[in-house]
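[1] my questions concern the predicted model and sequence given below.
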Amino acid sequence: MISRIIWNAMVLGALLALTTGALLADEPSSAQGRTPAASQRHAPVIIHERHGRNVTSVNWSGYAVTGAKGSVTDVKASWIVPAIQGTCPSTDQFASFWVGIDGYSSNTVEQIGTDSDCQNGKPVYYAWFEFYPHPSFIVNSLTIQPGDVISAEVSAGAKGAFTVTLTDTTRGQTFSTSTRIPSAAQSSAEWIAEAPSSGRVLPLADFGSVSFGVSKLPDDATIGKTSGTIGSFPSNDVDEITMVTSAGATKALPSGLSRDGSNFSIAWVSTGP
């Protein structure tokens, strides 16, 4: 049986406006300034269509591992910052790469990542974090460039405490901040390339491809009493997500997992919408 959710702007608008049950008890510490696009958000996944464990979405591509409520306590990822391909157009385009907890089947997302964007006709690269539905913050203390190897982690502690950490291993720079989200479901871990949103899903910048799980920095998670790579969890809990347009055409396509389940890549296909 194929379940289908027809995507439209009203769905995204509802997600962006949603705050009930998702308020932060504390504002994140050490915030390094808001993102250049103040209204740019990294919203929960908007599912377009499901075929078993293969999912299409208008804003996410990558992998998600699901678990029981309260079971996801840690997720780690590494990736190589992709360079914008070709010449940036006059119209702004965005591509976000991140690791996180929640948002796949819940209304909050605890996440940290990098962007490879086209803004004002020029490539722009930066690190950011977001405790959705609260705003994104850019991390001004980190210098991000194409080819940098990124290691990132989101961990959950007692009483809804979350810590997000990102290290540019190429430059030896690290950023970390914490907050509390008592209502977070802790029911999914994600490794994602995203077309962020601002009242609608924004055009996806041509990033070529991005590699997750690089060198000795595998993608892994702790769910319940189990810690392991993406592919080590039961297949019924692992979803592969392809980003598509509202009409169903592919925008970003993930590869299969490596033999040990620790790495994969995502290829840009089209800008969208």
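    Received it, and whenever you're ready, just let me know what you need. Values in this document were obtained by computation on a predicted structure and should not be read as measured data.
[2] going by C-alpha atoms from here, please, whenever you check contacts or count neighbours.
    Fine.
[3] ranges for the strands of the stretch 151-273 of the chain?
    161-168, 173-180, 188-194, 209-212, 220-223, 226-229, 238-244, 250-254, 264-268 (DSSP state E, counting those that start in this stretch).
[4] residue 76 is nearest to which of the ones you listed?
    Within the strands of the stretch 151-273 of the chain, the stretch nearest residue 76 is strand 220-223; the backing value is 5.4 Å (C-alpha to C-alpha).
[5] just checking: what are the partner strands of the closest one?
    Looking at strand 220-223 with DSSP bridges, its partner strands are strand 72-80 (antiparallel), strand 226-229 (antiparallel).
[6] still on that earlier bit, ranking the strands of the stretch 151-273 of the chain by burial, who's on top?
    Of all these, strand 188-194 has the most neighbours on average by mean count of other C-alpha atoms under 10 Å, namely a mean of 29.
[7] pretty sure residue 111 sits against residue 164.
    Yes: the pair residue 111 / residue 164 is scored as a contact, 6.8 Å apart, by C-alpha atoms under 8 Å.
[8] so what sits against both of those two?
    By C-alpha atoms under 8 Å, 6 or more residues apart in numbering, residue 111 and residue 164 have these common neighbours: 129, 154.
[9] returning to what we had before: and residue 189, which of the strands paired with strand 220-223 is closest to it?
    With C-alpha to C-alpha as the measure, strand 72-80 is the member of the strands paired with strand 220-223 nearest residue 189 (6.2 Å).
[10] identify the residues contacting that closest one?
    In contact with strand 72-80 (C-alpha under 8 Å, 6+ apart) are residues 99-101, 146-157, 186-191, 210-214, 217-224.
[11] quick one: low-confidence ranges for the chain?
    1-39 (pLDDT under 70).
[12] rerun at 90
    1-41, 51-52, 134-135, 199, 215-216, 273 (pLDDT under 90).
[13] could you pull out the helices for it?
    Ranges of helices in the chain, per DSSP state H, are 9-17.
[14] quick one: residue 65 from residue 216, how far?
    21 Å (C-alpha to C-alpha, to the nearest Å).
[15] what about those two, which has more around it?
    Neighbour count, other C-alpha atoms under 10 Å: between residue 65 and residue 216, residue 65 has more, with 26 against 8.
[16] I figured the more buried one hits residue 189, correct?
    Yes: between residue 65 and residue 189 there is a contact under C-alpha under 8 Å: 5.3 Å.
[17] hmm, back to that, which of the strands paired with strand 220-223 sits closest to residue 118?
    Among the strands paired with strand 220-223, the nearest to residue 118 by C-alpha to C-alpha is strand 72-80 (17.9 Å).
[18] direction-wise, compare the closest one with strand 264-268 and give the angle.
    60 degrees (axes from the mean of the first three to the mean of the last three C-alpha atoms, to 10 degrees).
[19] flag every buried residue along strand 72-80.
    Residues of strand 72-80 classed as buried: 72-80 (neighbour count, 16 or more other C-alpha atoms under 10 Å).
[20] just how off-centre is it within its chain?
    Distance of strand 72-80 from its chain centroid, counting by C-alpha atoms, centre = their mean, to the nearest Å, is 10 Å.
[21] residues of stretch 110-128 that come out buried?
    Buried-residue list, stretch 110-128, by 16+ other C-alpha under 10 Å: 110-119, 123-128.
[22] quote the end-to-end distance of that stretch.
    End-to-end distance of stretch 110-128 (C-alpha to C-alpha): 12 Å.
[23] do the same with stretch 188-208
    Terminal residues of stretch 188-208 lie 27 Å apart, using C-alpha to C-alpha.
[24] can we start the residue count at 652 from this point?
    Sure, I'll start numbering at 652, so the last one becomes stretch 839-859.
[25] run through the residues that contact residue 825.
    By C-alpha under 8 Å, 6+ apart, the contact set of residue 825 is 793, 816-819.
[26] let's go with 10 Å and repeat that
    Counting by C-alpha atoms under 10 Å, 6 or more residues apart in numbering, residue 825 makes contact with 792-793, 801-803, 816-819.
[27] swap in residue 871?
    716, 725-729, 804, 840-842, 864, 878-884, 912-914.
[28] beta partners of residue 700?
    Beta-bridge partners, per DSSP bridges, of residue 700: residue 655, residue 707.
[29] what's the neighbour count on it?
    Neighbourhood size, residue 700 [other C-alpha under 10 Å]: 20.
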